[in-house]
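[1] what follows is a predicted protein model with its sequence.
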Amino acid sequence: MRRKLPLVVLVVLLALVAEGAAAAGNGGFAPPAAHSPNAHRINDAYYIIFGLTAGIFVLVETLLVVFIWRYRSRGRPRTVEGAQVHGHMRLELMWTAGPVLILAVIAAFVFYKLPWIADVPAAAAGERVDVTVEGHQFYWQFDYPNGAHSINDLYVPVGKVVYLRIISADVAHSWWIPQLGGKTDAIPGRTNHTWYKPDKTGVYKGQCAELCGVLHGQMFINVTVVSPEEFDRWIEQKKKGA
């Protein structure tokens, strides 16, 4: 029984890890579906890095198994030396140059994507909405054009550029809506920016991604994407104090 205990513990730990991955909607290995151009580009960078690293993992583990099998003892006494393997110049050059080329591909792809993630796309008059996002302990406040306000629930129109000015009233927070874009810090005394252009109506969930105090885990965010007409009606209601 004592011999089996480590195996049982290992199986239980693997089951717990697998349960967490299975509970995720995407299996725990992929980012959530993107619904904004910048989020799409972040996901593209993730997939190319994941694909390359997964390929390297499979190659290394396959070679490891092959070498273990090929150079096993085959019943030789432990005092007998195994076959001597000498260096191979061409192979050594290949496994030195290979990682350099892989890193160059990743760097080139990421730096190609970065400007599209950071740069706000041009938008005609009436096709862009500017919102100030202010982090507090422990809620988010949204200030819209023409004096409308909301707490924790950000309303935006589908198909339009949403430009967010992100600030903090107290400590460092981090604004993050995975399906719409990457993380943007809210830092006292500093103004950061991000943008979205949602392609589908619905509610997108987010949360403060920077430990900001005892109720950090309760700083949830709902971004509700609605039609432009419904957004205009909502703004008017907020202005009237409804």
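    Yes, it's here.

[2] tell me the helices in the chain, going along the chain?
    5-23, 37-70, 89-118, 228-239 (DSSP state H).

[3] rebuild those helices as CSV, extending it with distance to N146 and mean neighbour count.
    (Glycine included, C-beta is placed from N, CA and C.) As requested, those are exported to CSV (distance: least, Cβ to Cβ, whole Å; neighbours: other Cβ atoms under 10 Å):
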stretch, distance to N146, mean neighbour count
helix 5-23, 43, 10
helix 37-70, 26, 13
helix 89-118, 28, 11
helix 228-239, 6, 14
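
[4] ok, which of the ones you listed comes nearest A209?
    helix 37-70 (14.1 Å; Cβ to Cβ).

[5] counting by contacts, list what that closest one packs against.
    Packed against helix 37-70 by the contact rule (3 or more Cβ pairs under 8 Å, 6 or more residues apart in numbering; DSSP states H and E) you find helix 89-118, strand 192-196.

[6] ranking the ones you listed by mean pLDDT, which is last?
    Note on those: helix 89-118 shows the lowest mean pLDDT, a mean of 89.

[7] got the angle between that one and helix 37-70?
    Put simply, helix 89-118 runs at 160 degrees to helix 37-70, going by axes from the mean of the first three to the mean of the last three Cα atoms, to 10 degrees.

[8] so what does helix 89-118 touch, helix or strand wise?
    helix 37-70.

[9] quickly list what W195 is bridged to.
    W195 forms beta bridges with Y163, as assigned by DSSP bridges.

[10] burial measure for it, as a count.
    22 (other Cβ atoms under 10 Å).

[11] before we move on, back to that, so which of the helices and strands packed on helix 37-70 is nearest D185?
    Here strand 192-196 is closest among the helices and strands packed on helix 37-70 (Cβ to Cβ), at 5.9 Å.

[12] separation between W234 and V11?
    Using Cβ to Cβ, to the nearest Å, W234 is found at 52 Å from V11.

[13] of the helices of the chain, which is nearest T79?
    helix 37-70 (20.7 Å).

[14] now the closest one, how far from the chain's geometric center?
    How far helix 37-70 lies from its chain's middle: 17 Å, per Cα atoms, centre = their mean, to the nearest Å.

[15] likewise stretch 114-133?
    Chain-centre distance of stretch 114-133: 21 Å, with Cα atoms, centre = their mean.

[16] one more: stretch 95-111?
    Centroid separation for stretch 95-111 versus its chain: 21 Å, with Cα atoms, centre = their mean.

[17] what about dumping the CA coordinates of it to PDB?
    What follows is stretch 95-111, C-alpha atoms only, in PDB (Å, rounded to 0.1, in the frame of the first residue of the first chain):
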ATOM      1  CA  TRP A  95      20.400  23.400 -33.300                       C
ATOM      2  CA  THR A  96      22.200  26.700 -32.700                       C
ATOM      3  CA  ALA A  97      20.800  28.500 -35.700                       C
ATOM      4  CA  GLY A  98      17.300  27.000 -35.300                       C
ATOM      5  CA  PRO A  99      16.300  28.800 -32.100                       C
ATOM      6  CA  VAL A 100      17.700  32.100 -33.400                       C
ATOM      7  CA  LEU A 101      15.500  31.800 -36.500                       C
ATOM      8  CA  ILE A 102      12.400  30.800 -34.400                       C
ATOM      9  CA  LEU A 103      12.900  33.800 -32.100                       C
ATOM     10  CA  ALA A 104      13.400  36.100 -35.200                       C
ATOM     11  CA  VAL A 105      10.100  34.800 -36.700                       C
ATOM     12  CA  ILE A 106       8.200  35.400 -33.400                       C
ATOM     13  CA  ALA A 107       9.800  38.900 -33.000                       C
ATOM     14  CA  ALA A 108       8.900  39.900 -36.600                       C
ATOM     15  CA  PHE A 109       5.300  38.700 -36.300                       C
ATOM     16  CA  VAL A 110       4.700  40.400 -32.900                       C
ATOM     17  CA  PHE A 111       6.300  43.700 -34.000                       C
END
